[in-house]
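>>> sequence and computational prediction follow.
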Amino acid sequence: MDWEQILPLIDSVLIAISGISVVSGVILIKKKMVGYHKFAMLNATVFAALFLVIYVTRYLLYGSKLFVGEGWILWVYVAILASHVILSIVIIPMVLITLYRAFTRQFEKHRAIARYTVPIWLYVVVTGWIIYLMLYHLPVENL
């Protein structure tokens, strides 16, 4: 295996860790475990940032991988990809605002935006995995 094949897998693992950390953070704050919540959410942010660095590096080195499916599966892929790309752009400032409000102890405002940040973040994580699976592991010749 070369880096062009390994980097997408590394990216998928990083974003999965980010998503797991977000879910953990939500569970922890519901249990009023604030310190652990903070750690989980910072962990989620660090792994998402690592994902972004590797994704951009991979794109600059190797370009985009094109989806080879046709027909209805192509339309499914495009729909998932479009929503994923739009929301992955939207989520970056949302995460930064959410973190800023937590660090500046604006907890009511933090909770208000976090209610939207978390589900969008998790949607981006899940659709990212779906895109990865469709690009690298879907046997399109059978569809």
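Sure thing, it's come through. Residues are numbered from 1 along each chain as shown.
>>> where does pLDDT dip in this structure?
141-143 (pLDDT under 70).
>>> ok, 80 please
1, 140-143 (pLDDT under 80).
>>> so R105: helix, strand or coil?
Applying DSSP: H, G, I helix; E, B strand; the rest coil to R105 yields a three-state assignment of coil.
>>> so what's the residue nearest the centre of the chain up against?
The residue lying closest to the centre of the chain (C-alpha atoms, centre = their mean) is V125, at 3.3 Å. For V125, the contact set (C-beta atoms under 8 Å, 6 or more residues apart in numbering) comprises I15, A16, S18, G19, V22. (C-beta placed from N, C-alpha, C; glycine too.)
>>> buried only: go through these for me.
I15, A16, S18, G19, V22 (16 or more other C-beta atoms under 10 Å).
>>> make CSV from these and add distance to I54 and secondary structure to it.
What follows is those, written out as CSV (distance: C-beta to C-beta, whole Å; DSSP: H, G, I helix; E, B strand; the rest coil):
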residue, distance to I54, secondary structure
I15, 10, helix
A16, 13, helix
S18, 12, helix
G19, 16, helix
V22, 19, helix
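>>> what's the closest of those residues to W75?
I15 (24.1 Å; C-beta to C-beta).
>>> for that closest one, which non-adjacent residue is spatially closest?
Closest residue in space to I15, ignoring its immediate chain neighbours: F51 at 4.7 Å, by C-beta to C-beta, 6 or more residues apart in numbering.
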